[in-house]
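*Asks:* A structural model of the following input is requested.
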Amino acid sequence: MSQDYKYADESLSIIAAMDCLKRHVTTDKGIDIGLSIKGVVSFVEKYHVKNGGLPTDDPGRVVRRALSHLRQSGHAVELIGGNFIFPKDDERVFGNGENWVYCYYLTIQKKQGASQFPCTIGRTSGGTIKSIRKYIERQARKAIVDPPKIPLLFRTNECVDLEGAIHRILRLRDQQIDAPGDELFMTNPEEVLEIYDFIIHGDPTYTTRTESRNEEWAQKRHKYLLKAEKYKIYFQSLIDKLYEEHSFTTPRRVNGDNYHYFASGITGITYGAWFRKDGQTAVYVQIDEKGFKKSERLAFFDRLEAHYGEIAAHFILPLAWKRCPKKTYSLISMCRDGNIGASADELEAIRDWHVESLLKFKTVFQPIIEKLLLS
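*Replies:* Modelled structure (predicted):
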């Protein structure tokens with residue numbers, strides 16, 4: 001188990017799966033035939049759990065989404081037949097096809113701080129990433145003492161046209177270096193990728209914008225999953241306490257929502273606990289249209305509100321009465337400060353308040369509701 005694993009005690013998220021595949025999959029393992037989806041999912045799931053991560057209900061879905069993002073950013077390659085290969089950290093692969101256009105440079109020619117340096121942009125037919133590396137190493141003059149860096153590989157069926165288009169744009173910018181052959185240019189991988197995006201997508205910012213959007217989405221998704229896991233843990237503990245100590249509910253699993261409701265024994269009437277978005281937490285009794293038609297619901301709410309003084313006398317905190325004519329439910333709630341991101345001690349205090357308040361809500365509201373239904 002790794003002490004430095006960032007995703008310990010968390011369910012497998014898309015970001016965790018992406019990070020695992022980029023950092024920990026053996027890049028040369030199966031580089032010619034690739035790894036099957038099943039193999040990739042198995043690797044990520046085992047690595048995550050082995051290093052302290054929590055099991056996940058559907059790891060296949062999570063890993064497939066991670067692979068989709070990695071493909072768009074050039075860090076994963078899907079082969080014919082559906083297998084995946086993963087380039088080295090300093091390599092990115094884009095496009096589809098049986099042939100290749102490549103960009104490589106020698107670190108000895110890259111001066112520190114220089115924005116542009118000699119890069120070779122060439123092409124070759126057929127082969128795999130592994131064979132392309134060997135081909136470039138043979139081609140590079142100083143490969144023995146200074147192995148070439150290959151930051152970009154483009155898969156294509158029109159390697160002559162793609163290489164020629166990149167060359168022409170760089171020549172128009174007067175960036176070709178006077179050297180044997182016509183493949184050496186004063187440029188950098190970022191500029192070459194922008195040119196590729198312009199040629200293929202008509203947008204030189206296509207990859208960077210897609211990466212930024214995917215990263216932003218994945219970060220939001222990661223935060224959502226973390227919060228959902230906290231809600232699961234919290235509401236499961238609330239249910240357990242209500243069931244074991246007060247027989248208030250029956251045992252059931254929760255799904256990660258920011259609320260949980262409990263049956264009252266009357267169709268259309270439920271009690272619930274809720275973490276609101278404004279930093280408040282609440283308990284409530286709800287009248288919904290599963291048990292009442294709209295007109296009946298609103299009329300019943302009005303009859304219940306007629307007992308406002310009798311009901312409010314039992315509570316220290318004020319009650320909020322929401323008739324909600326445009327919705328499918330009416331709600332009476334009571335709030336206090338409380339956030340799912342609070343400390344363990346604070347959450348325990350919130351849970352005690354939820355338990356006490358739910359018991360009181362049912363004690364106060366249930367007899368009046370039953371009496372009104374009978375009258």
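*Asks:* Next, Thr270: phi, psi?
*Replies:* phi -140, psi 150 (degrees, to the nearest 10).
*Asks:* So what sits opposite it in the bridge?
*Replies:* Under the criterion DSSP bridges, Thr270 forms beta bridges with Ala263, Gln286.
*Asks:* I'd say it and Gln286 touch.
*Replies:* Yes: if you go by Cβ atoms under 8 Å, Thr270 and Gln286 touch, sitting 5.0 Å apart. Just so you know, the C-beta spots here come from the backbone N, C-alpha and C atoms, and that holds for glycine as well.
*Asks:* any common contacting residues for those two?
*Replies:* Tyr261 (Cβ atoms under 8 Å, 6 or more residues apart in numbering).
*Asks:* remind me, longest helix of the chain?
*Replies:* Counting residues, the longest helix found in the chain (DSSP state H) is helix 206-246.
*Asks:* which helices and strands sit right next to that one?
*Replies:* Applying 3 or more Cβ pairs under 8 Å, 6 or more residues apart in numbering; DSSP states H and E, we find helix 206-246 packed against helix 14-24, helix 59-72, helix 189-201, strand 259-263, strand 269-275, helix 344-374.
*Asks:* helices or strands up against the third one?
*Replies:* It stands for helix 189-201. strand 92-95, strand 99-105, strand 117-124, strand 149-156, helix 159-172, helix 206-246.
*Asks:* Can you say which of those is packed in most?
*Replies:* Highest mean neighbour count of those: strand 99-105, a mean of 24 (counted as mean count of other Cβ atoms under 10 Å).
*Asks:* neighbours around Lys277, how many?
*Replies:* 7 (other Cβ atoms under 10 Å).
*Asks:* do the same with Gln139
*Replies:* Number of residues near Gln139 (other Cβ under 10 Å) recorded here: 16.
*Asks:* Which pLDDT value belongs to it?
*Replies:* With respect to pLDDT, Gln139 has a value of 77.
*Asks:* tell me the contacts of it?
*Replies:* Residues in contact with Gln139 (Cβ under 8 Å, 6+ apart) are 120, 122.
*Asks:* switch the cut-off to 10 Å
*Replies:* Shown in contact with Gln139 (Cβ atoms under 10 Å, 6 or more residues apart in numbering): 102, 104, 120, 122, 124, 148, 181, 183.
*Asks:* tell me the two of those that are most distant?
*Replies:* Pro148 and Gly181 (15.1 Å; Cβ to Cβ).
*Asks:* any low-confidence regions in the stretch 51-200 of the chain?
*Replies:* Counting by pLDDT under 70, the ranges of the stretch 51-200 of the chain that qualify are 141-145.
*Asks:* Dump the contacts of Gln139 into CSV; add distance to Leu21 as well.
*Replies:* Below are the contacts of Gln139 laid out as CSV (distance: Cβ to Cβ, whole Å):
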residue, distance to Leu21
Tyr102, 23
Tyr104, 24
Thr120, 29
Gly122, 28
Thr124, 27
Pro148, 25
Gly181, 36
Glu183, 32
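*Asks:* Kindly reformat the helices and strands packed on helix 189-201 as CSV and extend each row with distance to Asp302.
*Replies:* Below are those laid out as CSV (distance: least, Cβ to Cβ, whole Å):
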stretch, distance to Asp302
strand 92-95, 64
strand 99-105, 73
strand 117-124, 76
strand 149-156, 68
helix 159-172, 72
helix 206-246, 30
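*Asks:* Among those, which comes closest to Tyr261?
*Replies:* With Cβ to Cβ as the criterion, Tyr261 lies closest to helix 206-246 of the helices and strands packed on helix 189-201, at 10.3 Å.
*Asks:* my guess is Ser357 contacts Phe315, does it?
*Replies:* Yes: here Ser357 reaches Phe315: they are 8.5 Å apart, a contact under Cβ atoms under 10 Å.
*Asks:* Between the two, which contacts overlap?
*Replies:* Met334.
*Asks:* which of these two has more neighbours?
*Replies:* Shown here are Ser357 and Phe315; by other Cβ under 10 Å, Ser357 has more neighbours (21 against 13).
*Asks:* show me what contacts the more buried one?
*Replies:* Counting by Cβ under 10 Å, 6+ apart, Ser357 touches 271, 273, 281-284, 315, 317, 334-336.
*Asks:* what does Arg71 give?
*Replies:* When contacts are counted by Cβ under 10 Å, 6+ apart, Arg71 touches 77-78, 84, 93-94.
*Asks:* roughly how far apart are it and Leu193?
*Replies:* Computed with Cβ to Cβ, to the nearest Å, the distance linking Arg71 and Leu193 is 15 Å.
*Asks:* can you check Arg155 too?
*Replies:* Distance, Arg155 to Leu193, by Cβ to Cβ: 14 Å.
*Asks:* Select, from the contacts of Arg71, the two members most distant in space.
*Replies:* Phe84 and Phe94 (14.7 Å).
*Asks:* And the closest residue to Gly256 other than its chain neighbours, how far from Arg303?
*Replies:* Ranked by Cβ to Cβ, 6 or more residues apart in numbering and with sequence neighbours excluded, the top spatial neighbour of Gly256 is Ala228, at 3.3 Å. With distances taken as Cβ to Cβ, Ala228 is found 38 Å from Arg303.
*Asks:* Let me know the outermost residue of this structure.
*Replies:* Ser375 (52.3 Å; Cα atoms, centre = their mean).
*Asks:* quick one: it and Arg303 touch, right?
*Replies:* Yes: using Cβ under 10 Å, Ser375 makes contact with Arg303 at a distance of 8.6 Å.
*Asks:* Pretty sure His201 sits against Leu193.
*Replies:* No: using Cβ under 10 Å, His201 is not in contact with Leu193, being 11.1 Å away.
*Asks:* who has more neighbours, those two?
*Replies:* Using other Cβ under 10 Å as the criterion, His201 and Leu193 rank with Leu193 on top: 21 against 12.
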